[in-house]
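> Quick check, what structure comes out for this input:
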Amino acid sequence: LNTIANYYDYVPGFEALLQLHGGDMEAFYRSVERLSRMPREERHQWLRELGKNPKGEVRSTRGGQTSRS
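Alright, predicted model coming up:
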């Protein structure tokens, strides 16, 4: 059940990320590759925040900076 809950927690973030790239799957996959290199907790927080704010402005957990993918 935990895996299912995680899936639903992060889907809105991935959908917003795809929208940020105008549906360009290549650009989306490049961003996902960059995300995969982030520390797990930071990556999860980033995806949750992006899902809440699909315009793409997400506060980084490092230093409170705003960043875009």
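> for the residue most central in space within the chain, what are its contacts?
Centroid-nearest residue in the chain, with Cα atoms, centre = their mean: residue 47, separated by 3.1 Å. Contacts for residue 47 (Cβ atoms under 8 Å, 6 or more residues apart in numbering) come out as 9-10, 13-14, 17, 35. C-beta here means a position set from N, CA and C on the backbone, and glycine is covered the same way.
> Mind checking which of these are buried?
Buried subset of these (neighbour count, 16 or more other Cβ atoms under 10 Å): 10, 13-14, 17, 35.
> between those residues, which is closest to residue 26?
Set against residue 26, the nearest of these by Cβ to Cβ is residue 17 (12.9 Å).
> still on that earlier bit, for the residue nearest to the centre of the chain, give me the pLDDT.
Looking at residue 47, its pLDDT reads 93.
> Mind giving me the packing neighbours of the helix of greatest length in the chain?
If you go by DSSP state H, the chain has its longest helix at helix 2-20. Helix 2-20 is packed against helix 25-36, helix 40-52, with contacts defined by 3 or more Cβ pairs under 8 Å, 6 or more residues apart in numbering; DSSP states H and E.
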